[in-house]
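Trainee: After the sequence you'll find the predicted model.
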2 protein chains.
Amino acid sequence: MPTRHTQEDVLYDGGQYELTEDGRLPIPFQRTAKYQDGNTIDWLHEETLERERNHALESQAGVRGILLPALEAARMWFVVIVTGFGIGIAGAWLDVLVKWLGDLREGRCSYGFFYNSNACCSGLDPGEVCQEWQSWGNYFNIHSIFGHSLLQAFIYVVLAIAFAGSAALLVVTYAPHAFHTGIPEIKAILGGYVFDAFLTPWTLLIKALGLALAVASGLSLGKEGPLVHVACCMAYFLSQLFKEFRHNEAQKRRVLAAAAAAGVSVAFGSPLGGVLFGLEELDTFANESDVMWRGFVASAIAAVSLQWVNPFSTAKLVLFQVTFMSDSWRAFELIPWVTLGVIGGVLGSLLIRLNVEIALYRRNSVLGEWPVLEVVFASAVTAAVSYLIVFARVQTSELVANLFQECDPTKGDYHGLCNPTATVENVFLLCLTAILKIFLTAWTFGMMIPAGIFLPTIGIGACLGRAMGLITQSLYRAYPTAWIFLSCPPDPSVRCISPGFYAVIGASAMLGGVTRMTISLVVILFELTGALSHVLPIMICVMTSKWVGDAMGKDGIYSVWIAMRGYPWLPPVDYRDRGETGANLMKPLSQIIAIKEAVTTVGDLKGLLARHQFHGFPIVDKHGEFVGYATRLELIAALDRLQLDETEEELGKRCTFSQNRLRVPAEERVDLSNALEDSIIQLRKEVPQEQVVNMFQKLNLRQILFTHAGKLTGLVTKRDVVTLLTSHFPHTAALSQYPPHQRQP
Amino acid sequence: MPTRHTQEDVLYDGGQYELTEDGRLPIPFQRTAKYQDGNTIDWLHEETLERERNHALESQAGVRGILLPALEAARMWFVVIVTGFGIGIAGAWLDVLVKWLGDLREGRCSYGFFYNSNACCSGLDPGEVCQEWQSWGNYFNIHSIFGHSLLQAFIYVVLAIAFAGSAALLVVTYAPHAFHTGIPEIKAILGGYVFDAFLTPWTLLIKALGLALAVASGLSLGKEGPLVHVACCMAYFLSQLFKEFRHNEAQKRRVLAAAAAAGVSVAFGSPLGGVLFGLEELDTFANESDVMWRGFVASAIAAVSLQWVNPFSTAKLVLFQVTFMSDSWRAFELIPWVTLGVIGGVLGSLLIRLNVEIALYRRNSVLGEWPVLEVVFASAVTAAVSYLIVFARVQTSELVANLFQECDPTKGDYHGLCNPTATVENVFLLCLTAILKIFLTAWTFGMMIPAGIFLPTIGIGACLGRAMGLITQSLYRAYPTAWIFLSCPPDPSVRCISPGFYAVIGASAMLGGVTRMTISLVVILFELTGALSHVLPIMICVMTSKWVGDAMGKDGIYSVWIAMRGYPWLPPVDYRDRGETGANLMKPLSQIIAIKEAVTTVGDLKGLLARHQFHGFPIVDKHGEFVGYATRLELIAALDRLQLDETEEELGKRCTFSQNRLRVPAEERVDLSNALEDSIIQLRKEVPQEQVVNMFQKLNLRQILFTHAGKLTGLVTKRDVVTLLTSHFPHTAALSQYPPHQRQP
């Protein structure tokens, strides 16, 4: 495993590159300069590499000139398609595993240990009671009610602890990067951060396995984010099979973007949502339409393979099928819905803050040194508390499915939720569940265990929404003829308010508040529920929630974690300066280590390269006029190509870069002009700061140089821009250092 | 109406600006340089203006410093919200008008001329026959069947001609820009093209009225694109109320982007589709998340107001509600569906080519001089031919609604479509209708009449899809036990194949082939049909269709029209060069008119500005070193500020721009340094061409300068990049000149 870098390295864009074995970088195919974890890739440089490679392929004589480029494209599609297929299958089997482990906490199948409760009881006639699924009490033949309950609770809690503990142990021991959701890291990686250790096959395995255990343990977490991580690990693994991807970080990221879309597609059974998630949250497709297209294909294939495996024999992608009694909704309902939007925005922001505080406390207290114990303790608390509250006892996904369901007399009543005489109790219980889940989620999201935030957030929102629905319904039942309910039939026994849909709205509001997504959220939600006719209320509610949330703090939970981890990621925000120009942002000439054309000697240059780990150096002539920019890597390679001896004479030769100004006698100089970067952007320092930021965001730049009338005046790196954009967040880079127990994994 | 510009002007970025009355441009608020139609806006310049304006507002003392910026934001939201509301209402009333006009071709309501057939027959008990709606034959008391039919056909054709003719007359006489779909122009405008004549209130009025007439005439056209145009006209009209938008072209475009999303939202009843259309097809939101957000809001509000007006009392946004018998589909169905995708891709490409050929023929033949006659003739042919073919006789939207519908014995059989013994006849009739509609659509799309391409394309695709569905169904009925149908029940009387859904698939395929959209198309289609459970087949089919279509030519119909009209629009394609660098693309120094620092005199400069209409001029010193870049406008303003006399002494003063190099005595020079642009990008000419193109696409640049070691080497303008990107299309700018009858409207 490569050495870990401290934040300081990362921020300094420290370019510790490895050359190939013979220490050279000849022609395109061999220009395999490798980044190490903690670097930020140079997109323009990578693009140039790819371009050179493509031209080399196309210029091959005869059939090879046609076949090789086609093969190149085929490789990309191979990785995209196989990843989509793989994550579809993996997602399906993960579901099966989770269902079985989850059921195991309550009982076992009499005729086979490896059947889950549904499989065990399948094939029964309607109305027949399932005898084959035995609770542990029955299995151990305990007949006293008290003893039975105690045993059930005991096994429930013990298995929860065992699952969570083993997941944490796996993560801590084998793949520390498999903890958490993974989405912040993937956002950073797609933005150019190099973090290969995050995508190893080990991480893939541990994350998938740990995720199943973690979800089954009943902790307040979801599988959505981690599945995206798993998909990216798969794509990375596949892409490593081809030299093309191993040697090109930009290409690798294109594949990862498609994989991320496929991951979301499987996690939610939402192929369109996957593409839009990639578009909005990962901000990957804004740059290239081909990437969007590939995400579209990967997403579709992943969904098809999920549906093909069909883990629960429902042949449905829609996870929480919602059946509304009516297709229409009434204008007065906008009042509770907008209220839910406001509540979602406020509670979402609070959840983010709480999560940040807990994460900081964990890092700065003794808690951080005992990650497995923390998980065990958390799962014990979660299991114990959840067992007491009826709505919290089941898997969150089951709870959500039931909360989204309308009351239907022909079907069973879920824990008395449809009992009109128990409205007050239900509302109290739902709110209690929501508050409990907020605290548990804020605690769980960040422990050393794979954990997504989507499902718990949906759960919290669904509880609140259903409570709001029950309140509205009981108001309507109490005053059916009030003017506000005029659009409803005056007979309260006729259904007018659908509390199940209120739960959907609540979930959207809460998700909006926590993630600050808009379009992709709406698409995911109605792909999740099938509530197409109600897309407008969902949109309005997400709008409200985002507005309110933004007023309480601009960043969603992923941005906050990126900032805390200190990844060099540029948020795609509309940055507006207050009159500052590039001059305020740039490092002025006096602070820049520059190479002096025809003055710096080979010896000086070697010293410079040894002393400073900067990504590259600008070159100026003796009047301060800008000549060009060369990366550290290319300078090393260029020096290497010259095969200079270490004699004083050789070391004293002066470096020249510009063909125009060969004022130095040929025997006293070395020509390094081929080390100059082709793609270097120069600006005037009077340019508004917001335009500088904008260029970094849109072009994925690593540096911009400032010149004035030909003279170099300053330099801005991605680091400076990231610092600028995260300056409003007080805990930037608070978690960037690895905690002690993770230092030597 | 401002003077029209020839293509040459446009391509030359000719900057004929108007100064304010006193001919000056003092401080930000007064920097109201106005572009004229045919210019391309300078985004960076506009952004800078907005930035200065915002800072001026924020720096106001006290409450004004808080209130004014808030008011500024409120204005933007006002325009967005009112536009959304307005287009929702307008769309609803347009529907009502079209329905009435369309019904008028077949008969009238006995108790009121202004009732359409549905309104006339409302309030009947189920089973009761509507007596109130009278066909013209009954109204005129013609009892002979032959005379009755003849009269019906006569009135049908005559009214169609009258509607289409008056629409064409309105367009030709009052608002020539109201012809066609409008989407190519809006794409160009959103990309920075200035075309205010396209968005006038007159155009708004004529386009809306003409659209209703055109749709009612039964010509093969849709209302979708024109509605987007109408929405943009509304937003433009509203934005003109505020100085903020009048004086800032970038702000204006942000509002227009939201309006376009609202337009699509209303046209399809598809609020999410609207946002995604803006994202994918108009390529507007890639740049700023705020724009996407505003589009989201406008789109939602438009849909809410459409639903609120509720033109047909269905309270549904979903236009073509599809009710499938089953939620699942079978793997073997992918064979006909992928075949449909291929057919859609091929026919879509053919439709585009045919349309181009007809447009070129129209322009180059005598046809172009008689636009109204052409429309009259086309509508006569369309009406006559359509009256003969039963599926073509009704409005396309009605046809599509019926083709999407599954056969249901409890409902009526639409023209024998569900008759299992008439499969061959139905397939023949459907294919005939599709072929007929391809020709009619290719002819109609481009006549002097408002015309969208979406609905006819859906109609063609639905016919083909339904035909394919019928073929598959009859195969299944013939060989119910064949291995390929194993997943279906062996009893052919049980429903297994849903021909209605095949029609949806066919429509997606055809739309994919014609427009080359992907994501937004899928979203629009399932918002249109409610076919959420079948999103995967739709995705697969759109994928296939786009792949096949792209193989036959990369451009969708809108791109083709943009190229033919010669708008300076940069397609958001992934351009890949073949090894060329910026040096191949740039205009070299020898061909550039540059201002020479401390050499060019005031007189020279004035001459330069009078002779050349370039957008701006680079400034170099006597060694060729690059000093800066100044727009024509700013140079004029700077000269103006100096208030020089026209004496020889004054005219002989030399212009200096750089504060560093004041080697000219103060009395012999004038300082024009404040005319320099702040935001000028410099590159090395070795930069790969694809990166230059990429920068133009992503940063909306107007020019890039090339320097080498401080010396100016060349210049690339947007024009050069557009020329490069459209060079593969043989008919570029073929329609850019206005035809003779349009020259003096």
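Mentor: Okay, I see it.
Trainee: tell me the SS of the closest residue to chain B within the stretch 451-600 of chain A?
Mentor: As assessed by CB to the nearest CB, chain B sits closest to A:Met539 within the stretch 451-600 of chain A, at 4.5 Å. All C-beta spots, glycine's among them, are computed from the backbone N, C-alpha and C. Three-state assignment for A:Met539 (DSSP: H, G, I helix; E, B strand; the rest coil): helix.
Trainee: Quote the end-to-end distance of stretch A:671-679.
Mentor: By CA to CA, to the nearest Å, the extent of stretch A:671-679 from end to end equals 20 Å.
Trainee: Strands along chain A, start to end?
Mentor: Here chain A has its strands, by DSSP state E, at A:107-109, A:133-135, A:587-588, A:595-596, A:616-620, A:626-631, A:654-656, A:669-671, A:682-683, A:703-708, A:711-717.
Trainee: Let me see the ranges of the helices in the stretch 251-400 of chain A.
Mentor: Per DSSP state H, counting those that start in this stretch, the stretch 251-400 of chain A carries helices over the ranges A:271-280, A:289-309, A:334-364, A:371-388, A:390-393, A:396-404.
Trainee: quick one: which of the ones you listed is nearest B:Leu470?
Mentor: Closest approach to B:Leu470 among these (CB to CB): helix A:289-309, 25.8 Å.
Trainee: so where is the stretch 101-250 of chain A shaky, pLDDT-wise?
Mentor: Flagging of the stretch 101-250 of chain A using pLDDT under 70 yields the residue ranges A:126-127.
Trainee: ok, and the closest non-adjacent residue to whichever residue of it sits closest to chain B?
Mentor: The nearest approach of the stretch 101-250 of chain A to chain B comes at A:Ala250, 12.3 Å away (CB to the nearest CB). Closest residue in space to A:Ala250, ignoring its immediate chain neighbours: A:Glu46 at 3.8 Å, by CB to CB, 6 or more residues apart in numbering or on different chains.
Trainee: Relative to B:Met234, which of the strands of chain A is closest?
Mentor: Here strand A:682-683 is closest among those (CB to CB), at 38.7 Å.
Trainee: For the closest one, give the mean pLDDT please.
Mentor: Strand A:682-683 shows a mean pLDDT of 88.
Trainee: what does stretch A:506-514 give?
Mentor: 93.
Trainee: Could you confirm whether it reaches chain B?
Mentor: No. Stretch A:506-514 is not in contact with chain B by CB under 8 Å from any CB of the partner chain; minimum separation 11.7 Å.
Trainee: just stretch A:270-281 next, same as before
Mentor: Yes. Residues of stretch A:270-281 contacting chain B under CB under 8 Å from any CB: A:271-272, A:275-276, A:279-280.
Trainee: want to try CSV for the residues you listed, with neighbour count as columns?
Mentor: Below are the residues of stretch A:270-281 next to chain B laid out as CSV (neighbours: other CB atoms under 10 Å in any protein chain shown):
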residue, neighbour count
A:Pro271, 32
A:Leu272, 31
A:Val275, 33
A:Leu276, 32
A:Leu279, 26
A:Glu280, 24
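Trainee: now, the most widely separated pair of those?
Mentor: Spatial extent of the residues of stretch A:270-281 next to chain B (CB to CB) is set by the pair A:Pro271 and A:Glu280 at 15.3 Å.
Trainee: where in the stretch 451-600 of chain A is pLDDT low?
Mentor: If you take pLDDT under 70 as the line, the stretch 451-600 of chain A has these spans: A:492-494, A:531-533.
Trainee: let's see it at 90
Mentor: Within the stretch 451-600 of chain A, the ranges that satisfy pLDDT under 90 run A:452, A:454-455, A:472-501, A:515-540, A:542-544, A:546-547, A:550-556, A:559, A:562-600.
Trainee: can you list the residues of it near chain B?
Mentor: Residues of the stretch 451-600 of chain A found near chain B (CB under 8 Å from any CB) are A:518-519, A:522-523, A:526-527, A:530, A:532-533, A:535-536, A:539-540, A:543, A:546, A:572-574, A:576-579, A:581.
Trainee: Inside helices: which ones of these?
Mentor: A:519, A:522-523, A:526-527, A:535-536, A:539-540, A:543, A:546 (DSSP state H).
Trainee: re earlier: any chance of TSV for the strands of chain A, columns mean neighbour count?
Mentor: Putting the strands of chain A into TSV (neighbours: other CB under 10 Å) gives the following:
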stretch	mean neighbour count
strand A:107-109	20
strand A:133-135	17
strand A:587-588	14
strand A:595-596	20
strand A:616-620	24
strand A:626-631	25
strand A:654-656	23
strand A:669-671	17
strand A:682-683	24
strand A:703-708	23
strand A:711-717	22
